[in-house]
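In: Build me a model from this:
(chains A and B)
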Amino acid sequence: MMAAVVFFAVAFLAFLGALALVFHRHPMVAGLGMALSTLSIGVLYVLLRVPFLGLFQAIIYAGAVMVIVLYIVMALGREETGPRVGSVQTGLTYVAAALLLLQFYWAIVRSGAGPFPEGSALAPVTSGGTSYPFGTIQAFGSLLVSHYSVPFEVASLLLVGAMVGAVILSRRSWS
Amino acid sequence: MNAYWPIVVPALIKIVVILGIVLTGVAYTTLAERKVSAWMQDRRGPNRVGPFGLLQPVADGMKFFFKEDITPREAYRPLYLLAPFLTLFPALITFAVIPFGTQISVGGQTYPLIIAPGMDVGVIFLLAVSSIGVYGILLAGWSSGNKYSLMGGLRSASQVISYELGIALAVMSVVLWTGSFDFRRIVDDQAGWGHFWFVGPQFLAFIVFTVAVFAETNRLPFDLPEGESELVAGYHTEYSGLRFAMFFMGEYANMITASAFVVLLFLGGWNLPFVNYAWFGPLWGGLLSAVVFFAKVAVLLFVFIWVRWTLPRFRYDQLMSLGWKRLFPLALLNLVLISTLLVLRGRP
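Out: Take a look at the predicted model:
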């Protein structure tokens, strides 16, 4: 009961933030909308019994990524920019977004995933002879450095590439 | 619904008590700031309101309350009004996960001295909430429609982001050492025979953390965001009355949080050498541990004030190069050292 109330409240906030991101013409408000949305999704992770993942979501998306985005918006000035609602560009964006949403919906329906049965035990993670309960930071950590270590490292390589690219692009001259 | 009461009622009592202590602490830290600075400069400080000026915070509060609340014509009103809340609320929410003592037992029930006792990732919660506190500063600076506010907001945001790295890395070294994100575990690891306060074994992390915390709370010598001589008052230049008071309270509440964070991670929490709180019985032992904890926090608050009135302000580029070229590599080095030590020692 409690969980349902929290879920709908938070889902509403996430949706509201997403709407602000897409429709608000003020880049600062749009950015704040996205921050609200990411924070609300963090709370949803807590409801899914992985509290620290929700906190990391808050640190990384709301605390780092969106702060940088807003920082840049701030440095750029206070004009309301962006294409007018109703132009060809926005029309194409809506079509693309709708297609993406349909694809997500199809993928979820196809996967046959349903809600967790209330009070069910989720599979613990076993690593190196010890088993950690689902949703603990230990379980997450051992999965990250064992089963998912290759994707994790590949992602870090990608980020290093992006960083080097940003440094090169932002350099004015090679003196 | 009955199942909720035994959880909700003690939590509400703890929230009221802690908010009372913190807000009184904020009020009297502002007075201490003025008294200590007066003492250091051989002045008398505020001494007109009440005995020894002790009622000065009340007078300040009344003044804030009756001042006109001005919104500049150029301001973007919705965000201008929202920003002070976004500064004060994160500063106060952090106290939910800060344990302030062992536990007290009354009438056969044991109550741990923390608002959210089930939180075993309190350290991450604190980092997350403090990383969200930047929004208030950013929005205040941007929405005021004033170039000084904007510059203050930009500076403050980049400063806070830069020094958060140092904080997170220093925290990680303590977390590696104890193997837990739980404040209570971290404090317990600093108690008893053969255990030291982490200021000893984690000395580098302590240095990095303390310096970074000064920058994170925008205190001198790192108070560039509001450097009077260049930026009037930085991001809160345009604010007046109660909204300004919220920024002000947010800053001091952040100081208390930061002091509590240092005490919990490095200064043994509520532990004292050679003292076992079990000697004093279930009620008095718990209360005594809370008193010791707040006394340690008060000492650190004094250090904050002491440093502010001793050191001159850095230049902005010096601040950034200290953060990125000195503290950040030092924190990384410390992490490598600690990890090596842990591997050599063998994890329990």
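In: Please list all residues in contact with the residue in the stretch 201-348 of chain B positioned nearest to chain A.
Out: Nearest residue of the stretch 201-348 of chain B to chain A: residue B:235, at 10.8 Å (CB to the nearest CB). All C-beta atoms are positioned from the backbone trio N, CA, C, and that covers glycine. Counting by CB atoms under 8 Å, 6 or more residues apart in numbering or on different chains, residue B:235 makes contact with B:137, B:140, B:141, B:144, B:149, B:152, B:153, B:156, B:225, B:226.
In: interface residues of chain B facing chain A?
Out: Proximity of chain B to chain A, by CB under 8 Å from any CB of the partner chain, involves residues B:76, B:78-79, B:119, B:121, B:124-125, B:127-129, B:131-132, B:134-135, B:138-139, B:141-143, B:145, B:150, B:153-154, B:157-158, B:161, B:164, B:181.
In: Narrow the contacts of residue B:235 to those in helices?
Out: Using DSSP state H, B:137, B:140, B:141, B:149, B:152, B:153, B:156 are the members of the contacts of residue B:235 that sit in helices.
In: Make TSV out of these and add distance to residue B:186 and pLDDT.
Out: As requested, these are arranged in TSV below (distance: CB to CB, whole Å; pLDDT from 0 to 100):
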residue	distance to residue B:186	pLDDT
B:137	29	84
B:140	34	85
B:141	35	82
B:149	39	81
B:152	35	81
B:153	34	81
B:156	29	81
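In: Measure how buried the residue nearest to residue B:278 when sequence neighbours are not counted is and give me the count.
Out: Residue nearest to residue B:278 in three dimensions, not counting chain neighbours: residue B:285, with 6.0 Å by CB to CB, 6 or more residues apart in numbering or on different chains. The local packing of residue B:285 (other CB atoms under 10 Å in any protein chain shown) involves 19 other residues.
In: Make sure residue B:285 is actually in contact with residue B:275.
Out: No: counting by CB atoms under 8 Å, residue B:275 is not a contact partner of residue B:285; they are 9.6 Å apart.
In: Longest helix in chain A, please.
Out: From DSSP H, the single longest helix across chain A is helix A:88-111.
In: Could you give the bridge partners of residue B:104?
Out: Using DSSP bridges, the bridge partners assigned to residue B:104 are residue B:111.
In: Next one: it from chain A, what distance?
Out: Distance of residue B:104 to chain A, computed by CB to the nearest CB, to the nearest Å: 26 Å.
In: Let me see the contact set for that residue.
Out: Contact analysis of residue B:104 by CB under 8 Å, 6+ apart lists B:110, B:111, B:113, B:282, B:283, B:285, B:286, B:287.
In: make it 10 Å
Out: Taking CB atoms under 10 Å, 6 or more residues apart in numbering or on different chains, we find residue B:104 in contact with B:110-113, B:281-287, B:289-290.
In: Filter those residues down to the buried ones.
Out: B:112, B:113, B:285, B:286, B:287, B:289, B:290 (16 or more other CB atoms under 10 Å in any protein chain shown).
In: Now flag whichever of those is closest to residue B:23.
Out: Of all the buried ones among the contacts of residue B:104, residue B:290 has the smallest distance to residue B:23: 16.8 Å, by CB to CB.
In: Distance check, the residue of the stretch 201-348 of chain B closest to chain A against residue B:136.
Out: Separation of residue B:235 from residue B:136 (CB to CB, to the nearest Å): 9 Å.
In: cool, and residue B:88?
Out: 8 Å.
In: Residues that sit against both of the two, list them.
Out: B:246, B:247, B:250.
In: quick check: mean pLDDT across whichever strand or helix holds the first one?
Out: Counting by DSSP states H and E, the element that carries residue B:246 is helix B:241-266. Per-residue pLDDT over helix B:241-266 has a mean of 87.
In: what comes up buried for that helix?
Out: For helix B:241-266, burial by neighbour count (16+ other CB under 10 Å) applies to B:243-266.
In: and if you look at stretch B:124-138?
Out: Buried residues in stretch B:124-138 (16+ other CB under 10 Å): B:124-138.
In: do the same with stretch B:333-348
Out: Neighbour counts over stretch B:333-348 (16+ other CB under 10 Å) mark B:334, B:335, B:338 as buried.
In: Those residues in strands, which ones?
Out: Among the buried residues of stretch B:333-348, no member is found in strands (DSSP state E).
In: Go through these and say which is closest to residue A:64.
Out: Nearest to residue A:64, judged by CB to CB, of these is residue B:335 at 18.9 Å.
In: ranges for the helices of the chain?
Out: No chain specified, so I'll use chain A. With DSSP H, the ranges of helices along chain A come out as A:2-23, A:27-47, A:51-57, A:66-76, A:88-111, A:137-145, A:149-170.
In: To clarify, I was referring to chain B.
Out: Counting by DSSP H, chain B has helices at residues B:5-40, B:56-66, B:77-93, B:122-132, B:134-143, B:147-178, B:183-188, B:203-216, B:228-231, B:241-266, B:282-308, B:316-321, B:328-345.
In: how about those in CSV, adding distance to residue A:3?
Out: Listed next are the helices of chain B as CSV, based on distance: least, CB to CB, whole Å:
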stretch, distance to residue A:3
helix B:5-40, 15
helix B:56-66, 40
helix B:77-93, 21
helix B:122-132, 20
helix B:134-143, 28
helix B:147-178, 29
helix B:183-188, 26
helix B:203-216, 34
helix B:228-231, 47
helix B:241-266, 30
helix B:282-308, 33
helix B:316-321, 45
helix B:328-345, 38
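In: where are the low-confidence patches of chain A?
Out: When residues are selected by pLDDT under 70, those of chain A lie in A:77-86, A:112-129, A:173-175.
In: residues in contact with the spatially most central residue of it?
Out: By CA atoms, centre = their mean, the mean C-alpha position of chain A lies nearest to residue A:38, the distance being 5.6 Å. By CB under 10 Å, 6+ apart, the contact set of residue A:38 is A:14, A:17, A:18, A:57, A:58, A:60, A:61, A:62, A:63, A:65, A:66.
In: Grab the nearest non-local neighbour of the last one.
Out: The shortest distance from residue A:66 to any residue that is not its chain neighbour, by CB to CB, 6+ apart, is 4.1 Å, and that residue is residue A:35.
In: do the same with the first one
Out: Nearest non-adjacent residue to residue A:14, counting by CB to CB, 6+ apart: residue A:40, 3.7 Å away.
In: what separates that neighbour from residue B:169, distance-wise?
Out: For residue A:40, the distance to residue B:169 equals 29 Å [CB to CB].
In: Equivalent analysis for residue B:62, please.
Out: Taken as CB to CB, the span from residue B:62 to residue B:169 is 44 Å.
In: For these two, indicate the residue with more neighbours.
Out: residue B:169 (21 against 10).
In: For chain A, which residues are neighbours of chain B?
Out: Proximity of chain A to chain B, by CB under 10 Å from any CB of the partner chain, involves residues A:1-2, A:26, A:28-29, A:31-32, A:35, A:39, A:42, A:51-60, A:62-64, A:66-68, A:70-71, A:73-75, A:77-78, A:136-138.
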